[in-house]
Structure formats: structure tokens, C-alpha cells
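K.L.:
I'd like to go over a predicted model; first the sequence, then the structure.
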Number of protein chains: 2
Amino acid sequence: MKRHSSSGQLSRRSFLTTVGLVSATAAAGVTTACASGEAGTDGSADQQGADRPDPVVPFDGPHQAGIATPVQAHNTTVAFTLRDGVGPKEVRRLLNIWTSDARRMCSGEPVLADLEPELSSDPGRLTVTCGFGRGLFTAAGVADRAPRWLGPLPAFSTDRLDPRWGERDLVIQVCGDDRTTVSHALRILVRGGADYARPSWTQTGFLDVPVGPDGEPGTPRNLFGFKDGTVNPRTETDFDEQVWIDEAEASHPAHVGGTCMVIRRVAFDMPLWESADRTTREVSMGRTITEGAPLTGRAEFDEPDLAAIGDDGLPVIDAHAHIALAGVHDGDTRQRMLRRAYNYDLPVTAARADGLQDADLVALADTGLIFTCFQTDPRTSFIPVQRRLADGDRLNEWISHVGSAVFFIPPGTAEGEYWGEKLLG
Amino acid sequence: MKRHSSSGQLSRRSFLTTVGLVSATAAAGVTTACASGEAGTDGSADQQGADRPDPVVPFDGPHQAGIATPVQAHNTTVAFTLRDGVGPKEVRRLLNIWTSDARRMCSGEPVLADLEPELSSDPGRLTVTCGFGRGLFTAAGVADRAPRWLGPLPAFSTDRLDPRWGERDLVIQVCGDDRTTVSHALRILVRGGADYARPSWTQTGFLDVPVGPDGEPGTPRNLFGFKDGTVNPRTETDFDEQVWIDEAEASHPAHVGGTCMVIRRVAFDMPLWESADRTTREVSMGRTITEGAPLTGRAEFDEPDLAAIGDDGLPVIDAHAHIALAGVHDGDTRQRMLRRAYNYDLPVTAARADGLQDADLVALADTGLIFTCFQTDPRTSFIPVQRRLADGDRLNEWISHVGSAVFFIPPGTAEGEYWGEKLLG
């Protein structure tokens, strides 16, 4: 990824202006609109070149960045466990340090006492998004303020969960187009919080956003070859309905503007997938591979017609196709959500590879999807959808959910405020 | 990384024309010139937009691609072990399959029977570079044709080598700007060669090439924050002298145009490094961090003056500074080489992280450098240089060489030819 050298352009910009700008010019896959109207504009968009995205995604705003932000090339998400003895005071201190450091780095300013400012001088659309597990609320002495849905999801019939990818007290999602900056930011945060929390798991993923002949970004593909993210929310209204918690949905006023983050680690059985022909793959997904169109349509964004019957008298989109089960059922539009998934493809240790014999193609297939999604309430979105998928999705032949964690994402910050300040204060 | 949608532009181009074009327009850090004059031009450069690099790096030519090619954003290098019973016939069959598949993918054409052509339709400057270990020559029945220097390097005083990153029979280096394409290409190759060779280790790295205010690419940084690759060869003459084996250097005529690849895995002790101040870091390297200038100069490409004495009566560049030892000594210019190193920063497994206590910052520091270098003969370049570094480099306080492997890279191919055909034929 190119790094955009841009020291003269790193003034903080308003949330609204810049998001609009970035979505127009960036290699953006998932979404565009997002900001509510709370932030003003400062007119600085005029200073931007038209040919490359603004390297700064505004940190402060009504919602945290890294959610409605058009997807960046890299995502490293780290879950933390609070250290023994960390109580209300230390939790607030930790969040204060982290928010302050993240705000500076996302703006292209080095953190205080950073000895490697060169590694954060160009943020490359860096975003840092912080989420709370139930343990955070307990340690902070406000267990009663946790959203009711916060905690482990119910078991699904196909789960093969490994607790090493499971629930933790805190999570930090770091995304950006510059991998070096992402690595550096993460080390700063880990170091800055070291007295209070230790990293417990790390998930690292990537996306390659295609650019169409018209210069517009397209939907990136996962490692099965399918476009991933076609049905995502795109307008501000979509986001308000599907992602951001509003007054009616909040069990505490300081939840408003926040969201629920579910991180499922989904392992792909690549050797088995590669033995399936294209028809099998497309029938299993319910979409074509090349265009990503529903089998009842021709273009990616055509609405699937689940009732359509083919010449053979059978449904064109099989009832157990992935999209037949993953979409809204029974008209319950609360089942929609924002998918912000990243591919992973990890080197396999020699120890593992050398132990394998006939099945050793697997040695290069620690491969899959970090399926991160955001929604107002998992009980009405991820859970019913995943229950249908676990029970019937044809893709289950090739995928396994091996990790599951849920976090509350507090709303965005005003300048100087720390993550969750209104909730914990 | 943006994917360049480009199906209309994927005709194969001449080696000379395209390399010049790519070096002028790409986000290229290491080098520019490289082609010998053997390839002609087809005039197709005119069809290229000036604002983005040609997504195709020509596969055929006097030298393999992926060496003089300006560095791409991603590098995954896999070493293979030949299966029991693989003899001369099977080795040739394997190389035939691999060369043919690599040639097609690097040209943006799917391989035969590829079920995921979407994942390779845009090569994103994909290169595939193949190297031979001594075991390959033996299995092929031509053990006497191996370069004399091929095999394990002598032990260095600071080595902490783990055999899991060690010598193997074969290596494939896959580089590209599109991570999805790199993953896909690698799987195709592993699958295609599965009857003959199994992957034994995998090293995955990244680089972020900065773009200066003038739009020109700069030198990427490693995770210590230093620019890495400043002293690399840049002109055709440099490459001929430092990298490509010529008639005088070859112990077999079919070595000509090839090179020696050394892959050292260098682990960085990030927590310890982060406890060192900037002065200590710069003195240890002999260069400034911000500019990458030698301490006796002001700009990155200023020649270091190792004899300069400061006001305090001491050398400005310490005799044990990295650059004081890594450069040419005693006027022996054979000690120069091409460095094509990539950063690595791997997630640490929960098992490892959870086992750590006080020292658990290490939990996010499976970090370092895949130091790959190319030279005509390691006995006159890497070995004497590394001996000096092992014995005296101040940076040894923070780095450990944990892996070491040497491969012979056969010369480039003519159309239809397989890697090493003249050598093994």
C-alpha cells in the first residue's frame, strides 16, 4: 500500500466533511454514509487532492471511527484481559491513556514520548475502535450499565469454538491502509496500557478493494473468491436503523450512538472447497462468483428473488443457499447488520506442517474470515440469522466458526473525552 | 492496496519496456534498472495510464522477476521438501507445472482448471521466483551441477537458528501488491505441486513504500523505524556486478543470469528496543532515523564518512555501528548485495501469550525482518559481512538471527521454458 506523505494535510477535519470525502475518493468497499449531523464542517476539504484519499479519518464524532469508515486494507484486532487488581480508577486511567494516544495517532501526531514518530507520521486512514466486554463493566464498578445482550452468544449447532478466540474484557480494532502504521499503533497501545491490561488474542486480516474501470471502489472478495459485503448498509438512514443504538434501544442513555460488535472467526477448509466445482459453489452461495449477482439476477446489487422457480421446477436460489438464510426473514428488518469482515491467511508453523502427511495441503490453509459485524442488538440480528445458517447453510460443508466474542462499542467522543466517559464517569 | 482492474491491459509486455515503466510509476522502493538488453519492446507502454503501475511484471526474461522488481507490498515465501521417491523425472515435471502456472498467473491469465479465476484476474505486480536447494540438484540427478556455495552458511557467533526456518529442497517467493492474489497464487502452486513437494515453512512479510511530495517512491521502513535498503544496487551495471552470476562466476554455464538467495529470519526484541532512546538507536545504526542519513551526512544517500572524527575526538560513526560493519571493507566491492527485506509482525497465539506474565509485552512482538538478499556468491558477500556484524554490530543487542536458508535462483526463462531447464535438461 502506498503511504501518503502528507504532513501538511493532517489538520483535524470535521467528521461529516471528511467521511463524505473519503467515501468519494478512497478505495472503499463497504459503505459511504455514516455521520449524523452533529459535527460541523471546517471547509478544509478544498485543500485535498482529488486523486487520493485523505489520510486522516477523524477520530472524534458521534460514533467511533472504524465502523462506518470505508474498509481499509489491514485490520488487526486485539482482545485484552484486565490485570488482577484493576478497579474503577485504573479502568478509567487505561481508557484515558488509550483514547488520548489513539486520537493523536489517528491525526498523524506522535503520542507523547513516542520514540518512533516516523512510524505514525502518516496515518494512512488509521482508525482505532474500542469495545468493552462484560468484565470491563464489572471492573469499572458499573456492571448494571452493561447492555443486556453483552456476553457469550448462545451455542449454535455447528459451533467449533476455541476459547482462545473467545470473550475478553476489552477489545481494540486497529485498521489502516498502511500495515507498518497499524503495527506501530498497536504496539503503542499495548505498551501504554501494559500496567492495566494484557493482550490475550490477536486477529490480523486483510482486504483488497478492487477499483472498477470507472475508478470507483468495488466489493472486496474473500478467499473463497466471493464478493463479501454486498448487502451492507450504505445510507445514513441504513446506519441509524441497523447499526447505531438509539434512545429506544438503549438500556442506559450513554449507550446511544454506540453499537454491538460481534467477532466470529470462521475457518475455511480450502482443500475441500477447491474440490468443489463452480456450480456447486454458486448454488451453495446463491450468487454467481464473477459478478456476485444473485442467481435470479444479473448484477451484484440486484435484489434476490427467493420465490423464483426455474425450468426444472425447483427454486433458482436453493432454500439452503447462504443468501437465502442470511437475509431478512419474515420481513423482520431488524435482522440486517453491517458486515466488516477481513480475510486471514496465516503461515503455518513448521511444527504443524511437518506433522502432517497425506493431508498436508492443509499446511497452507490456516485460512478464513474474521467476520466482524455491527448491529444495534445481536438478539434481533446476528443470533437469529446465525441460527438459520448453522442449521441449514450449504456453506457449512466448508466453513467452521472457531471463535466468538461480543463487545459493546461505546459511542464516539468529543474532543478531550475518553471512550465510554459518560458511561463510566 | 488497491486492486487495479485491468482485464484489457494484460497483454504480455517486454521485459525491458515494462520494467522501465514500472520503475517510473510504481510505488517502488528498492531499485529501478535491471533488465539486460536481451528483450525487445513491443511499444505497448503507450497504452498505459501514467498514474498507476502496470499490473503485469513480465515473467520471462534473462533473469527471474521478483529480484530487481521494485518491491511490492506483500511477500510470502514458502520452502518445500521433496516427497520420498521424487527423482529426476518428477523434479522436471514439478518445475514444468510450477513454471507454467506461475507464468500464467503473473500475466493475469488463470491457470488451467483454476476454479477461482477472479482471484488472479488482476496480478497486481505479482511475481513468482523459484530457487533450488542442494536437495533439488541431488533428486534431479545432477548433484554435480549445484553451485559450490549452495548449502548451509557457516555458523556465526550470534546465531540462534531454529531449523524450522532452515534449508529446504526448494523455495517459492511470491510477491505482489494485492494480498488476495498472493494468497491465491500460492495455493495454486502448492496444490499443483502437491504430488511432488510439500510446504515445510512459510514466511510472510509486508512493506509500505512511502511516496514523497514529488510523487516519487522512497525507501520503506522496518519495524525499528529505520529506512531499509538505502545502499541497494540501482543501475544495470550495479546489478550485473552484485547480483547476476556471469560466465566467470559460474561453475556451470546454465548458472549464468541466476543468483544466490539468502533468507535470514531476524527477530526483533521490540520491548528492549523501545526502552532505548533515540541517540542510542542512531549511534547503533550509524544513521539518523528521520532522514536515514549517515551521521556524517545530511541526506539519505550521502556517502558515510567512516573516518570522520567529532569534536569529542571520537569517530562520528562508531566503529561498531551497523553501517560501519555492513558496508564494503578493504575496498572489496564484492561485498555488496541486493537487500530485499520484508517486515513481519505476526499474531501471537493465545497459548503463548497466556503463558507469559511480567514479560508479556512480548506477546505482541513476534516481530522482525525477513532479510532476503541476492548476490553472485555468498562467500564473498553475505558471509564476510555477516561475520563482521555477528562479531561487532551494536544492533545485536536487539536482534537475533533465528532462521537461515540458501538457494540457487536459476536464470530467467524464455517463453515456454521451465525454471532451470537448461541446468536440469
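P.N.:
Here it is on my side, so go on.
K.L.:
Against chain B, how distant is the residue lying closest to residue A:420 once chain neighbours are set aside?
P.N.:
Nearest residue to residue A:420 in three dimensions, chain neighbours excluded: residue A:410, at 4.1 Å (CB to CB, 6 or more residues apart in numbering or on different chains). All C-beta atoms are positioned from the backbone trio N, CA, C, and that covers glycine. In this structure, residue A:410 and chain B are separated by 23 Å, where distance is defined by CB to the nearest CB, to the nearest Å.
K.L.:
And residue A:99, which helix or strand is it part of?
P.N.:
Taking DSSP states H and E as the criterion, the element that holds residue A:99 is helix A:88-106.
K.L.:
Report the rounded mean pLDDT for the helix or strand following that helix.
P.N.:
Next in sequence after helix A:88-106, counting helices and strands by DSSP H and E, comes strand A:127-132. Taken as a whole, strand A:127-132 has an average pLDDT of 98.
K.L.:
Need the contact partners of strand A:127-132.
P.N.:
Strand A:127-132 has contacts (CB atoms under 8 Å, 6 or more residues apart in numbering or on different chains) with A:57, A:59, A:64-67, A:69, A:72, A:95, A:98-99, A:102, A:105-106, A:146, A:150, A:169-176, A:185, A:189, A:261, A:407-410, A:419-420.
K.L.:
cool, and stretch A:411-425?
P.N.:
When contacts are defined by CB under 8 Å, 6+ apart, stretch A:411-425 is touched by residues A:15, A:59-65, A:88, A:91-92, A:95-96, A:98-100, A:103, A:130, A:132, A:140, A:142, A:145, A:252-258, A:410.
K.L.:
do that again at 6 Å, thanks
P.N.:
With contacts defined as CB atoms under 6 Å, 6 or more residues apart in numbering or on different chains, stretch A:411-425 is touched by A:60-64, A:95-96, A:99, A:130, A:140, A:142, A:145, A:254, A:257-258, A:410.
K.L.:
Ok, stretch A:235-253 next?
P.N.:
Applying CB under 6 Å, 6+ apart, the external contacts of stretch A:235-253 come out as A:33-34, A:68, A:145, A:147-148, A:233, A:255-259, A:336-338, A:374, A:376.
K.L.:
Then stretch A:308-315?
P.N.:
Stretch A:308-315 is touched from outside by A:296, A:316, with contacts defined as CB under 6 Å, 6+ apart.
K.L.:
so how far is the first residue of it from its last?
P.N.:
Distance between the boundary residues of stretch A:308-315 (CA to CA, to the nearest Å) amounts to 6 Å.
K.L.:
Going by neighbour count, list what's buried in that stretch.
P.N.:
Using 16 or more other CB atoms under 10 Å in any protein chain shown as the burial criterion, the residues of stretch A:308-315 that qualify are residue A:315.
K.L.:
re earlier: sitting in helices, which of the contacts of strand A:127-132 do you find?
P.N.:
Judged by DSSP state H, those include A:95, A:98, A:99, A:102, A:105, A:106, A:185, A:189 as members of helices.
K.L.:
and of the residues you listed, the nearest to chain B?
P.N.:
Proximity of the ones in helices among the contacts of strand A:127-132 to chain B (CB to the nearest CB) peaks at residue A:189, which lies at 9.4 Å.
K.L.:
contacting residues for the closest one?
P.N.:
With CB under 6 Å, 6+ apart, residue A:189 has these contacts: A:98, A:172.
K.L.:
surely residue A:267 meets residue A:368?
P.N.:
Yes - applying CB atoms under 6 Å, one finds residue A:267 in contact with residue A:368, separated by 4.3 Å.
K.L.:
Thanks again, I'm all set now.
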